[in-house]
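*Asks:* This is the structure alone, sequence omitted:
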């Protein structure tokens, strides 16, 4: 590969071949090694199946032109074919079905009027933690319905001309109630639109994704669910706290720390067990009560505990102490959502791994303490 | 830009401008809508900071040429700059530091001889669920150290010329013992190599990632940890089972189902609580014992339970029943690892959401039952 003339000349661009689709990369000689690295990246980012999809497009080009007199209608047809189920058939290796489905779509009198909803987990905040599937669907959608926990760096990656609808939720102030969100998603899809419902973390872990697809399923609206990196694993990795470890924790439990009438509705007996890690989502305002109850129900006051603020984002802060000390460590620190609390022996490992930025381990900047 | 002669062998290509880096997309007229969609995708896939990195490369080009007489040494220098900490500085908006670090690197007598280890979660199987960060590091690494739970579709995305080292682990047959893997990672890095330790799922949830970085930290070897979609959330989304749901489960617990001397070392009292979902990793061989113990410790025999085989992959199969019926449903089915077991009322929702492929909801193929 190294003596391939196409790659060795810095004036000739480096080529990614997905015939009939071709992609060229060049820095005009200014940064040849970088251009080569970008080419290598694109080579594996762009699935080989893209060539197959371009071939399908070429195959039906004349027929589509004959079928739709208006350029607008042609473009609409192709966008549906290349971004919808037919593309998914090609990507999953079912070419014959894809060609048959294209024939059917061409023969159909009218284009489908029902849209689709993508329930997408956007991960904990760092846009680098988006999945390929999440980004693809974000870029297909005509409408983006998002809430407060989706970072602006991630919103920036959506299609620029997509409509954006903000649906809350600030604490104690939901811009739209959950039932209204469920209704909104269904109504947008019924208008024939492709809706990306973007949620922080994972839609099926404290994301109320189940309630949203419940409405969609009841009304026969197509949907897809895309898992995301949940806050527990994202924050654990970026804070240096393994959630399980052979020597310290053989189980891990996820709960929420919502306060209701100044108390938490948690199964304290189940939480206060040895050899397990407890992860508490949304527990900041109830932190004092949480730590007090855990101690009262039998966990040692010296058990390590950490609070991670804005985990995985450049402004991430980690406060670590014990059940006894964490509330006072955090008090007066002007903490901003989202936060995550991790309780268990595993929190000790953070210091052991040199995660205090002592310089012994040259962590990448995003992993350092700030 | 569009009439840049270098790129004009392409018929009117669509351009992504990251000056001095330019990327052109064309189908030679065969599939124009598709070419435009690919351009839109690349536009948001390729960070704006790539232009800044190419500018840094252009800025130092003459100096690097003067410093390194050999083309090989120049290339080595650029690869370290463009894929290492300096690139991370640019990506996180710290340009001044990046330029200073490049000056320092140029002035240094010898290139650094210590490598780096990337502990990367590869997710549950579907390559579409890789994160951008995971793929980037897979493509930077000189060596790939992987185990059985990493799908071949994912391995195909690594750098082609990277060395690949398989370290097990079949059940009851670990190709390398954990201590040997820890040692191997440290030794490879000490040879100055960039090592990608690729693990199925998430490295900090039953991935023994903590043990591996323990050795690295002790020996002062730089490392990064990249979270992945853990099997629980991946399988839940692809099988249509929310792990939490306001009406059914306010907590979720992850455990492993390893058998030891024909029994499972689990805290049954903590597991057998109402209103929570239990996720069991690696529980296939102990399924009978698991279901029996859960019933004996107080969970209802009619509690819904599902086993997901090769979750998120095209060959995914889902067996759902109850604690009483699941073992016999699965018996004789020639189940292949990896598997995941989900126990709780939420398993009911799968049927409600039309996940049985009844055609009411036109799910994308990958979400259908097979």
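*Replies:* Yep, it's here. Predicted model only: the values in this text are computed from it and were never measured. Residues are numbered from 1 along each chain as shown, chains lettered A, B, ... in the order given.
*Asks:* need the residues of the stretch 51-200 of chain A near chain B, please.
*Replies:* Residues of the stretch 51-200 of chain A lying close to chain B by Cβ under 8 Å from any Cβ of the partner chain are A:53-54, A:57-58, A:61, A:74-75, A:78-79, A:82-83, A:85, A:88-89, A:92-94, A:121, A:123, A:126-133, A:135-136, A:139, A:157-159. For every residue, glycine as well, the C-beta is placed using N, CA and C.
*Asks:* Can stretch A:228-247 be said to contact chain B?
*Replies:* Yes: for stretch A:228-247, a contact with chain B is found by Cβ under 8 Å from any Cβ, at A:228-230, A:233-234, A:236-238, A:240-246.
*Asks:* For chain A, which segments count as strands?
*Replies:* With DSSP state E, the ranges of strands along chain A come out as A:14-18, A:21-26, A:116-121, A:143-146, A:163-166, A:194-199, A:223-226, A:251-256, A:276-281, A:304-309, A:317-322, A:339-343.
*Asks:* Now do the buried residues in the fifth one.
*Replies:* Think strand A:163-166. Buried residues in strand A:163-166, counted by 16 or more other Cβ atoms under 10 Å in any protein chain shown: residue A:165.
*Asks:* Average pLDDT for that strand, rounded please.
*Replies:* Mean per-residue pLDDT for strand A:163-166: 94.
*Asks:* contact partners of stretch A:97-106?
*Replies:* A:56, A:59-60, A:63-64, A:67, A:77, A:80-81, A:85-87, A:89-90, A:111 (Cβ atoms under 8 Å, 6 or more residues apart in numbering or on different chains).
*Asks:* Mind doing that once more with 6 Å?
*Replies:* Stretch A:97-106 has contacts (Cβ atoms under 6 Å, 6 or more residues apart in numbering or on different chains) with A:60, A:67, A:86, A:89, A:90.
*Asks:* Based on its surroundings, how many neighbours for the second one?
*Replies:* Put plainly, it is residue A:67. 14 (other Cβ atoms under 10 Å in any protein chain shown).
*Asks:* Mind pulling up the pLDDT for the spatially closest residue to it that is not a sequence neighbour?
*Replies:* Closest residue to residue A:67 apart from its sequence neighbours, by Cβ to Cβ, 6 or more residues apart in numbering or on different chains: residue A:106 at 5.6 Å. Turning to residue A:106, the model gives it a pLDDT of 89.
*Asks:* any idea how far residue B:19 is from residue A:106?
*Replies:* Computed as Cβ to Cβ, to the nearest Å, the residue A:106 to residue B:19 distance reads 41 Å.
*Asks:* Same check on residue A:315?
*Replies:* From residue A:315 to residue B:19 the distance is 30 Å (Cβ to Cβ).
*Asks:* neighbour-wise, which of the two wins?
*Replies:* Taking other Cβ under 10 Å, residue A:315 and residue B:19 do not tie; residue B:19 has more neighbours (13 against 9).
*Asks:* got a list of what the more buried one touches?
*Replies:* Per Cβ under 6 Å, 6+ apart, neighbours of residue B:19: residue B:51.
*Asks:* mind checking how far it is from residue B:25?
*Replies:* From residue B:19 to residue B:25 the distance is 17 Å (Cβ to Cβ).
*Asks:* Low-confidence ranges, the stretch 1-150 of chain A, go.
*Replies:* A:1-12, A:44, A:109-113 (pLDDT under 70).
*Asks:* I'd like to know how many residues surround residue A:48.
*Replies:* 10.
*Asks:* How about it, nearest residue that isn't a chain neighbour?
*Replies:* What sits nearest to residue A:48 in space, not counting adjacent residues and going by Cβ to Cβ, 6+ apart, is residue A:18, at 7.1 Å.
*Asks:* And for residue A:271?
*Replies:* Nearest non-adjacent residue to residue A:271 (Cβ to Cβ, 6+ apart): residue A:278, at 5.6 Å.
*Asks:* Which residues of the stretch 201-350 of chain A lie near chain B?
*Replies:* Within the stretch 201-350 of chain A, the residues that sit near chain B (Cβ under 6 Å from any Cβ of the partner chain) are A:202, A:204-206, A:209-210, A:213, A:217, A:220, A:222, A:224-225, A:227, A:229-230, A:233-234, A:236-237, A:242-245, A:251-255, A:267, A:270, A:273, A:314, A:349.
*Asks:* What lies in contact with stretch A:120-139?
*Replies:* A:118, A:150-151, A:153-154, A:158-159, A:196, A:198-203, A:226-229, A:231, A:234, A:311-313, B:41, B:128-129, B:131-133.
*Asks:* Show me just the buried residues among the residues you listed.
*Replies:* For the contacts of stretch A:120-139, buried by 16+ other Cβ under 10 Å: A:118, A:150-151, A:154, A:158-159, A:196, A:198-203, A:226-229, A:231, A:234, A:311-313, B:41, B:128-129, B:131-133.
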